[in-house]
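J.: Sequence isn't available, so here's the structure alone:
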Ligand SMILES: [Fe+2]
Ligand SMILES: [Fe+2]
């Protein structure tokens, strides 16, 4: 049985994952409206991935005898100055999520809830990948400049899932 304190932070994490999902979906449609179908497709795939993180966490909470409490999802921003700005924003969102995950692991260790610790450690690894993924896109966008946008758009449009 998972403690009520950990249930609260896991439910907050589910909310943060769903907020990320909404944010990336909004970004996807923002870029699609400008004709950047490839970037839009990539962000839509990532939006789905964030939703999947949320449901995986909710399944875990249920398996541990906790109660899933879906919370209100705050509105997400809907305008950015450039493609690079979109991805810089997503990178800062991922960094914020990483800090939240670290805190859950810390709480779990303090409570000696090793099942929760183990489960969320997989998300510590996941966040290393995600920060590298988004950071890599930002780096490439900055290095390549405006002229390379169509090429990157086409490349990112080939993302499978
Ligand atoms: Fe996530
Ligand atoms: Fe993420």
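T.: Okay, I see it. If you're wondering where the values come from, they're calculated on a predicted model, not measured in any experiment. Ligands and ions are numbered 1, 2, ... in the order given.
J.: Nearest to ligand 1 within the protein, name that residue for me.
T.: residue 53 (3.7 Å; CB to the ion). C-beta coordinates here come from the backbone N, C-alpha and C atoms, glycine included.
J.: what number of residues lie near that residue?
T.: The criterion is other CB atoms under 10 Å. On that basis, residue 53 has 21 neighbouring residues.
J.: now the helix or strand hosting it, how far from the centre of its chain.
T.: In the assignment (DSSP states H and E), residue 53 maps to helix 37-63. How far helix 37-63 lies from its chain's middle: 7 Å, per CA atoms, centre = their mean, to the nearest Å.
J.: got the buried residues for that helix?
T.: Buried residues in helix 37-63, counting neighbours by 16 or more other CB atoms under 10 Å, are found at 38-44, 46-47, 49-51, 53-54, 56-58, 60-61.
J.: what does stretch 129-147 contact?
T.: With CB atoms under 8 Å, 6 or more residues apart in numbering as the test, stretch 129-147 has contacts from 83-84, 87-88, 90-91, 94-95, 97-98, 148-149, 151-152, 156.
J.: give the contact list for the nearest residue to residue 104 once chain neighbours are set aside.
T.: Distance criterion CB to CB, 6 or more residues apart in numbering; nearest residue to residue 104, sequence neighbours excluded, is residue 120 at 4.8 Å. Listed by CB under 8 Å, 6+ apart, the contact partners of residue 120 are 101, 104-105, 108.
J.: can you list those residues in a markdown table and add pLDDT and secondary structure?
T.: Formatted as a markdown table, the contacts of residue 120 follow (pLDDT from 0 to 100; DSSP: H, G, I helix; E, B strand; the rest coil):
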| residue | pLDDT | secondary structure |
| --- | --- | --- |
| 101 | 98 | helix |
| 104 | 98 | helix |
| 105 | 98 | helix |
| 108 | 98 | helix |
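J.: Which member of those is positioned nearest residue 79?
T.: residue 101 (28.3 Å; CB to CB).
J.: and the gap between that closest one and residue 83?
T.: Per CB to CB, to the nearest Å, residue 101 is found 27 Å from residue 83.
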